[in-house]
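Visitor: my questions concern the predicted model and sequence given below.
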Amino acid sequence: MNLVKRYLLPVLLMSALLVGCQKKQEAPVLAAADDPSIVNVTPELLKRLTISAVGAGEIAEIVRVPARVEVDEQRVARIGAAVTGRLTEIRAEMGQRVRRGDVLATLHSAELSSSQLAYLKAVSQEGLQLRAVTRAKLLFESDVISSAELQKRESELLQAQAERQTSHDQLKVLGMIDADINKLTETRSVHSLSSVIATLDGAVIERKVTQGQVVQPADALFTIADLSHVWLVAEIPEQQAGLVRTGGVTEAEISALVDQEIKGKLIFVSDTVKPDTRTVTVRMDVENADRLIKPGMLASMLIRGAPHKRVMLPVVAVVREENRDYVFVQLDAHRFQLRQIKLGPESNGVAPVLEGLLEGEKIVTEGAFHLNNERRRKELEG
């Protein structure tokens, strides 16, 4: 009995080891055969595929930040009345193009009438004092009056001239030009109408008046903007603030203007970070000769980061399923595996691979659609 056990036990152990080894060898084969992501292609299908090894290239990451279109504050004029008065006529409407010197509105002003009257009195007083000095000089030459009396008349003339100049300056403050003041001096006709004049070539983008309204010099009645250039203003997260420099060329996208390339220069980068949002304000100057870019439009500013090395692939190689990106990676001469990857922004038909693929791996660059159909067919056949 001991002899049987002595010879039978090694035989049983050897059999168990052989069975275990056989199971270990069969497991990978079954797993590979059952993997739905792997496709065995026929020679006919292989001829329709283009296979290439993926390479790496230098790429600069693009940071996309929301922006808004604003008027160029250096090309804006907020225009008000020079005097207090009541509007009698409004000539400018919203969106109207105006030129510098155009009359935007007319108002009736008692203040202007009073200042014109004061000016005419000063002019008359100056004339009286001038004639008085002329007579005083003749009398002094005839020894009728003393030199002190002549100096007195000359002093009164200087005072009258100063008062006339002060009144003249006041009329200019109230919006009258030299030609109007000269006409007033000649005609001696006082009028109470004052004009609101455009001081800039541009478009009326704001109007805050109605006819009959009483206005004051502190009121902004019209806003005129030269829209040949506009600003794009964005808030850059402080982590990306180091990527922007004043004077750098930047690109932007405006959803309302499809397929329009927008480029401009960064003219301002704030020196401080906003504590509540942890962002840095930047401004981009954009040429707008055709006036298609409107203040108030929403945009995206594209900030390019420092270039670095990434695996690159053509986007035609990508298979899109359930909002995920895949490519077919070659395993051997006839087997390909569908692998999920993560891509960066596309540019000129090429995209960087952020995850899922290594440099040098071979993928299907053309024909991935046919290969994916074959994979689905075999998956359905089960």
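Guide: The structure has been received and is ready for your questions.

Visitor: sec struct for Ser189, please.
Guide: Secondary structure for Ser189, judged by DSSP: H, G, I helix; E, B strand; the rest coil, is coil.

Visitor: where exactly do the helices run in the stretch 1-150 of the chain?
Guide: 2-34, 43-46, 110-141, 147-173 (DSSP state H, counting those that start in this stretch).

Visitor: what is the rounded mean pLDDT of the second one?
Guide: In other words, helix 43-46. Averaging pLDDT along helix 43-46 gives 88.

Visitor: one more: stretch 49-56?
Guide: 90.

Visitor: just the buried residues of it, please?
Guide: Leu49, Ile51, Val54 (16 or more other CB atoms under 10 Å). In this view, the C-beta of every residue, glycine as well, is placed from N, C-alpha and C.

Visitor: please list the residues outside that stretch that contact it.
Guide: 41, 309-313, 330, 353, 357-367, 370-371 (CB atoms under 8 Å, 6 or more residues apart in numbering).

Visitor: return the subset of these lying in helices.
Guide: Mapping those onto helices (DSSP state H) picks out His370, Leu371.

Visitor: still on that earlier bit, weakest of the helices of the stretch 1-150 of the chain in terms of mean pLDDT?
Guide: Mean pLDDT is lowest for helix 2-34 among these, at a mean of 40.

Visitor: ok, back up a step: buried subset of the contacts of stretch 49-56 as a ChimeraX selection?
Guide: Buried residues among these (16+ other CB under 10 Å), as a ChimeraX selection:
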select :41,310,311,312,313,330,353,357,361,363,364,365,367,371
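
Visitor: taking helix 110-141 as reference, get the angle to whichever strand or helix holds Asp180.
Guide: Using DSSP states H and E, Asp180 falls within helix 178-187. Angle of helix 178-187 versus helix 110-141, following axes from the mean of the first three to the mean of the last three CA atoms, to 10 degrees, is 60 degrees.

Visitor: what sits up against the helix or strand that helix 178-187 is followed by?
Guide: Downstream of helix 178-187, the first helix or strand assigned by DSSP H and E is strand 193-197. Contacts to strand 193-197, defined as CB under 8 Å, 6+ apart, come from residues 79-83, 85, 88, 101-109, 112, 174-175, 221-222.

Visitor: for Asp219, give me its contacts.
Guide: Going by CB under 8 Å, 6+ apart, Asp219 touches Gly80, Ala81, Lys208.

Visitor: separation between the second one and Gln260?
Guide: Pointing back at Ala81 there. Distance, Ala81 to Gln260, using CB to CB, to the nearest Å: 40 Å.

Visitor: more crowded one of these two?
Guide: Neighbours around Ala81 and Gln260, counted as other CB atoms under 10 Å, are more numerous at Ala81. The numbers are 26 against 12.

Visitor: so which of the buried residues of stretch 49-56 are in strands?
Guide: Applying DSSP state E to those, the entries found in strands are Ile51.

Visitor: closest to Val63 among the buried residues of stretch 49-56?
Guide: Val54 (24.9 Å; CB to CB).

Visitor: give me the phi and psi for the closest one.
Guide: The phi/psi pair for Val54 (degrees, to the nearest 10) reads phi -80, psi 140.

Visitor: can you list the domains in the chain?
Guide: Taking automatic domain parsing as the criterion, the chain consists of the domains 36-59+309-381, 64-73+226-305, 82-225.

Visitor: measure the most centrally placed residue in the chain to Met284 for me?
Guide: Centroid-nearest residue in the chain, with CA atoms, centre = their mean: Leu232, separated by 1.5 Å. Using CB to CB, one obtains 4 Å as the distance from Leu232 to Met284.

Visitor: so what sits against both of those two?
Guide: Common neighbours of Leu232 and Met284 (CB under 8 Å, 6+ apart) are Ala67, Ala252, Gly264, Met301.

Visitor: tell me which two of the residues you listed sit farthest apart.
Guide: Across the shared contacts of Leu232 and Met284 (CB to CB), the longest gap, 10.9 Å, separates Ala67 and Gly264.

Visitor: of these two, which one has the most company?
Guide: Using other CB under 10 Å, the more surrounded residue of Ala67 and Gly264 is Ala67, with 25 against 21.

Visitor: ok, now how distant is the closest residue to the more buried one other than its chain neighbours from Ile205?
Guide: What sits nearest to Ala67 in space, not counting adjacent residues and going by CB to CB, 6 or more residues apart in numbering, is Ala234, at 3.8 Å. Look at Ala234 and Ile205: by CB to CB, they are 22 Å apart.

Visitor: quick one, which of those two is more surrounded?
Guide: Neighbour count, other CB under 10 Å: between Ala234 and Ile205, Ala234 has more, with 23 against 18.

Visitor: which stretches of the stretch 251-382 of the chain form helices?
Guide: 368-381.

Visitor: hey, where'd the strands end up in it?
Guide: 262-269, 279-287, 298-314, 319-321, 324-330, 335-343, 350-355, 362-366 (DSSP state E, counting those that start in this stretch).
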